[in-house]
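Participant: Fold the following for me, if possible:
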Amino acid sequence: MGTDKQAVGILDTINMETVRTILTHTYPYPHEHSRHAIIAVAVGCLFFISFDNMHTLVQKLDKNIKWWSIYACLLGFFYFFSSPFVGKTIKPSYSNFSRWYIAWILVAALYHLPSFQSMGVDMRMNLSLFLTIFISSIFVLLVFHLVFLGLWYIGLVSRVAGRRPEILTILQNCAVLSVACCVFYSHCGNHALNEKPFGRKDSGLVSLWRKGERSSLVAKFLKMYEVKDEVCKSWFAPVGSAHDYPLLSKWVIYGEFSCSGPCESSDEISPIYSLWATLIGLYIANYVVERSTGWALTHPFSVKETEKLKNKQMKPNFMDMVPWYSGTSADLFKTVFDLLVSVTVFVGRFDMRMMQAAMSGGNEGSKQEDFLYDHFSEKDDFWFDFMADTGDGGNSSYSVARLLAQPSLHAYNDDSVIKLLRGNLLLIGGDLAYPNPSAFNYEKRFFRPFEYALQPPSWYREGHIAVNKPELPRGVSELKQYDGPQCFVIPGNHDWFDGLQTFMRYICHKSWLGGWLMPQKKSYFALQLPKGWWVFGLDLALHCDIDSYQFKFFTELIQEKVKENDSVIIMTHEPNWILDWYWDDVTGKNVSHLICDYLKGRCKLRVAGDLHHYMRHSYVSSENPVSVQHLLVNGCGGAFLHPTHVFSDFNKAYGTTYENRAAYPSIQDSSRIALGNILKFRKKNWQFDFIGGFIYFILTFSMFPLCKLDHILQDDTVSGHITSFFRTVWDAFMYMVGESYISSVGAMLLLVAAISFVPSKVSRKRKVVIGVVHVSAHLAAALVLMLLMELGVETCIRHNLLATSGYHTLYQWYRSVESEHFPDPTGLRARMEQWTFGLYPACIKYLMSAFDVPEVMAVTRTNICKNGMVSLSRGGAIIYYASVFLYFWVFSTPVVSLIFGSYLYICINWLHLHFDEAFSSLRIANYKSFTRFHIRENGNLEVFTLAVDKVPKEWKVDSDWDNEVKQAHQLSHHRKYPSKWRANCFHQDPVHSVRIVDQFVIQTGKSQVVVGNGSV
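Facilitator: Just a heads-up that it's a prediction; the model follows:
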């Protein structure tokens, strides 16, 4: 049988789409070049340092113990300062600033110490060389980019070249290039070190190893040094000589072309100049090719595969947990301001609840439907959910919203699995967004997670204002006919910080929270549910109580519509029954009056949020009448976790005895979690540095410098050193009390703040004692750190490591050795200085002076100790204290966080104080839960509390959601897979890890409770 297959040429076999994708960079510049360069330089550093310095390090290990201990202390302080930023993404924030800050002052300190040079790492030479090459590279690349943009402007290169490069990318490339040159010069170009690599006198430790050299692994490792030497000679040696290069290249490197007379110059090209010119040339060549043609050898995928890869790499743009101890958050300062305005202006003067009642005609007549909703009352099988305190971290809020959105959940209950249907109704108990109710926080922290979990209708518009609620979908004429989930919300204290303005705008005048319909028109409401069940949603505002108009509405509703055998659920934001017990206070008198004197035993359940944990207290049977059968707190909707062990002793409210039947997390786990304040306070709250470091510096400001330290350094015994050390600390404290102004005033202000910080739960005397002990710990730590820093500077001065040359030490030393290491027979440097009008050497000089901070501090300190403070000008004093602050801040910030975290731990676990402050510092996103209710056909209320112990941090697009067929105008609650994101790890996804932590049943019409899991 014949074949129709035709001959296929090689061009026909090439997928040109793939070729185009390989050669075309489809993403904005810059791409991965800098990252690859950083990796290459890092590998080179490890290679050279390991092969060139290990033998020297072994030889020097048994010497200079004093300097090694100084290195250990210095690096230890810097490590603890930088530990919160390890692994975090570099971005324009305090985290990124701290990394550069640490690198700067750490290098400035290390290059003044001696032992690195004995290891073969000449810090002074490397630093000065790095800065010189860095400035030179910046000048060259800036000139190149200006020329290239000029060529684009006149039309000599393609339009792709007109896209301006990022300045940070240029600086990063220059830094990588400079590091590469420094590493090469230190380990290949320094002939003084390489001539006799093993010529030094061996230490005793090395001599012992040398005895078994033939069979020793160490000896074999030391021989590998020859590999490094071969790499330097073969791979990095200059190619050819100066005669092999064009005159232009020789002029650029040496300036030979411009010699007017005979110029003496070596025919050998300097390896470091050769390497620098090669790297600059590679950068320029890559940039020219890419910007002129748009081609780059990246992304070897087809367009379709590339788009699929992009989708896999998509991540939800969730907000982080609110940093409550941030010294840099403008949002927190706005929260404080809004709270002050709300308390001083709105409370007692203007109440949005009164305006709502007035606009509804005092809750009378035809306007009562603004507050009362009865469209659920005729349903047979009814499910509804309760959650509160969402809108903090995006991961935790979305985890709960994802569970709420599922058509059904299969939750683990001991050894069994129970199927629970999605709620027809979602009740949210306030605090919708943290830290303040701004439009940004409502949209990003509250609405976004719910919209990801259950998408709003296709016709929904974000800026739409609902003026005639309820706005029902097409084809639905009345609210009773709508079969989708609905949502009703009460405001919390955080929602009232702006006088309820944002809540009214986003809740009462919007129709959709994701896929949940919001028919609600006011901030409080009553819902008539099937089988005689009611939900009263109360708005307590910042008064912790309902207002008179609200009280009037609910009392009239009870008298007119609530039957004798009906059952009522009271929903408030604050659980005043447990907070009144904790604070020894009485609030919510109108609410208590409503429950005890009007409902008269019909209130079967009170639910609230505000406390971000789950606790249920159920009544203990007695002969006395019971006003409320169950008290349930569930504020685990997304905000940080609150402790449970602080409230474990609560047992009485409304004249009834209660017992704790469920707590999540458990009492034991809650107490254990509090330990994180000691171990993780600074890692979770590194923005606190701005507050803590500044406070410690103020406390010690007046004591700098300490000039008389001879008695500490000259003692003969360890005990003598320690005794003299702490005696000096005490003398510094007495000086601060008796003669200092700034430090003593700072200490007094800190004492007042510490006493005020202690909760009012304790007596005034105990507040003073706790505040004094707290401040004493901080003050002692600050004085000890100040003395340690002064001893370190004094030690370096005594060994002629500091205060030897005055200002600009590094630049002066570099100029003295520049001609030796980098000869310039043609005077190129002088011409560069002339061409740049002195800018080139000036930039190098003042950039190098930035690394002379320890020298500036030591020189000024010596001058003050000899001639007194009067010899110092105002500018000199500013420079001295600024240089002191740069290092003292690094030393003090880990310590102040450790002491403050320990204070919170002691208070929360031993004194049961600061339950809010001690757990908001931990910013725990785990332990999230909500409560699901089921009204059975017989009228009994079945209650399930579902929880997720660990909240995922990494998400990806749910393939089931992505592949499900989407019909036009289909509401999302009809979909089998309604949520867009799922956890990266299958077993960590909330849908698969959810479990039941509490279950019980309330019988309607009777004061009786059916026993359930972990409950009564």
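Participant: Pull out the CA atoms of the one helix or strand Arg672 maps to and give them to me as PDB.
Facilitator: Assessed by DSSP states H and E, Arg672 sits inside helix 667-673. Below are the C-alpha coordinates for helix 667-673, written out as PDB (Å, rounded to 0.1, in the frame of the first residue of the first chain):
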ATOM      1  CA  ILE A 667      -6.100  24.900  78.800                       C
ATOM      2  CA  GLN A 668      -2.800  23.100  78.700                       C
ATOM      3  CA  ASP A 669      -2.000  24.000  75.100                       C
ATOM      4  CA  SER A 670      -2.900  27.700  75.800                       C
ATOM      5  CA  SER A 671      -0.500  27.900  78.700                       C
ATOM      6  CA  ARG A 672       2.300  26.200  76.600                       C
ATOM      7  CA  ILE A 673       1.700  28.600  73.600                       C
END
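Participant: so what does it touch, helix or strand wise?
Facilitator: On a contact count with 3 or more CB pairs under 8 Å, 6 or more residues apart in numbering; DSSP states H and E, helix 667-673 meets no helix or strand. Placement of C-beta: from N, CA and C, glycine included.
Participant: Just to check, Leu403 is in contact with Pro990?
Facilitator: Yes - in this structure, Leu403 is within contact of Pro990 by CB atoms under 8 Å, at 5.3 Å.
Participant: Need the overlap of contacts for the two.
Facilitator: Shared contacts of Leu403 and Pro990, defined by CB atoms under 8 Å, 6 or more residues apart in numbering, comprise Val948.
Participant: ok, back up a step: report the distance from the helix holding Arg672 to the chain centre.
Facilitator: A distance of 24 Å separates the centroid of the chain from that of helix 667-673, by CA atoms, centre = their mean, to the nearest Å.
Participant: who's in contact with Val884?
Facilitator: So Val884 contacts 697, 704, 789, 857 (CB under 8 Å, 6+ apart).
Participant: Buried residues of the strand or helix carrying Tyr840, list them for me.
Facilitator: Taking DSSP H and E as the criterion, Tyr840 maps to helix 839-849. By neighbour count on 16 or more other CB atoms under 10 Å, the buried set for helix 839-849 is 840-841, 843-845, 847-849.
Participant: then that helix to PDB, C-alphas only?
Facilitator: Output of helix 839-849 as PDB, limited to C-alpha atoms (Å, rounded to 0.1, in the frame of the first residue of the first chain):
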ATOM      1  CA  LEU A 839      33.800  63.700  41.900                       C
ATOM      2  CA  TYR A 840      35.400  60.300  41.400                       C
ATOM      3  CA  PRO A 841      37.900  60.400  44.300                       C
ATOM      4  CA  ALA A 842      35.500  62.300  46.400                       C
ATOM      5  CA  CYS A 843      32.800  59.600  46.100                       C
ATOM      6  CA  ILE A 844      35.400  56.900  46.900                       C
ATOM      7  CA  LYS A 845      36.700  58.900  49.900                       C
ATOM      8  CA  TYR A 846      33.300  59.600  51.500                       C
ATOM      9  CA  LEU A 847      32.000  56.100  50.700                       C
ATOM     10  CA  MET A 848      35.000  54.600  52.500                       C
ATOM     11  CA  SER A 849      34.500  57.000  55.400                       C
END
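Participant: Check the offset of it from the chain's centre.
Facilitator: Taking the mean of its C-alpha atoms, helix 839-849 sits 36 Å from the chain's own mean (CA atoms, centre = their mean).
Participant: State the mean pLDDT of that helix.
Facilitator: The average pLDDT within helix 839-849 is 76.
Participant: So which residues make contact with it?
Facilitator: Under CB under 8 Å, 6+ apart, the answer for helix 839-849 is 127-128, 131-132, 134-136, 139, 807-808, 810-811, 814, 829, 832-833.
Participant: Stretch 444-462 now?
Facilitator: In contact with stretch 444-462 (CB under 8 Å, 6+ apart) are residues 316-319, 390-392, 394, 397-398, 401-402, 404-405, 432-434, 443, 473, 485, 506, 511-516, 638, 968-969, 971-973, 978-981.
Participant: and the end-to-end length of it?
Facilitator: 12 Å (CA to CA, to the nearest Å).
Participant: Could I get the buried residue list for that stretch?
Facilitator: Buried-residue list, stretch 444-462, by 16+ other CB under 10 Å: 444-457.
Participant: same deal with stretch 695-709?
Facilitator: Neighbour counts over stretch 695-709 (16+ other CB under 10 Å) mark 695-706, 709 as buried.
Participant: repeat for stretch 767-774
Facilitator: For stretch 767-774, by 16+ other CB under 10 Å, it's 767, 770-771, 774.
Participant: Likewise for stretch 803-818?
Facilitator: 803, 808-811, 814.
Participant: Of these, which is the nearest to Glu942?
Facilitator: Glu942 has its nearest neighbour among those in Leu810, at 75.5 Å by CB to CB.
Participant: For that closest one, I want the exact helix or strand it lies within.
Facilitator: Counting by DSSP H and E, Leu810 is part of helix 809-821.
Participant: same thing with Leu946?
Facilitator: strand 941-948.
Participant: What pairs with that strand, parallel or antiparallel?
Facilitator: Using DSSP bridges, strand 941-948 pairs in its sheet with strand 928-935 (antiparallel), strand 995-1002 (antiparallel).
Participant: Return the most buried member of those.
Facilitator: Among those, strand 928-935 has the highest mean neighbour count (mean count of other CB atoms under 10 Å), at a mean of 24.
Participant: before we move on, back to that, so which pair among the buried residues of stretch 444-462 is furthest apart in space?
Facilitator: Arg445 and Pro457 (22.2 Å).
Participant: so where's the stretch 151-300 of the chain uncertain?
Facilitator: 155-166, 186-271, 290-300 (pLDDT under 70).
Participant: what number of residues lie near Asn940?
Facilitator: 17 (other CB atoms under 10 Å).
Participant: My guess is it contacts Phe1000. True?
Facilitator: No - judged on CB under 8 Å, Asn940 makes no contact with Phe1000 at a distance of 10.6 Å.
Participant: now, among the buried residues of stretch 695-709, which is nearest to Val762?
Facilitator: For those, the nearest to Val762 is Ile695 (23.6 Å; CB to CB).
Participant: quick one, what contacts that closest one?
Facilitator: 746, 750, 778, 896.
Participant: In ChimeraX, how would I select just the buried ones from the residues you listed?
Facilitator: Buried residues among these (16+ other CB under 10 Å), as a ChimeraX selection:
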select :746,750,778,896
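Participant: Which ones among the contacts of Ile695 lie within helices?
Facilitator: 746, 750, 778, 896 (DSSP state H).
Participant: Next, Asp958: phi, psi?
Facilitator: Torsion angles at Asp958 (phi, psi; degrees, to the nearest 10) stand at phi -70, psi 120.
Participant: Need the three-state assignment for Gln970.
Facilitator: Three-state assignment for Gln970 (DSSP: H, G, I helix; E, B strand; the rest coil): coil.
Participant: what's the neighbour count on it?
Facilitator: When neighbours are counted by other CB under 10 Å, Gln970 comes out with 12.
Participant: Leu788 now?
Facilitator: 13.
Participant: quick one, what contacts it?
Facilitator: Phe891.
Participant: can you tell me the helix or strand for Lys552?
Facilitator: Going by DSSP H and E, Lys552 is part of helix 548-560.
Participant: tell me the mean pLDDT for that helix?
Facilitator: 92.
Participant: helices and strands around the helix or strand following that helix, which ones?
Facilitator: Downstream of helix 548-560, the next assigned helix or strand under DSSP H and E is strand 567-572. Strand 567-572 is packed against strand 533-537, strand 603-608, with contacts defined by 3+ CB pairs under 8 Å, 6+ apart.
Participant: Tell me which of these lies nearest to Cys182.
Facilitator: strand 603-608 (62.8 Å).
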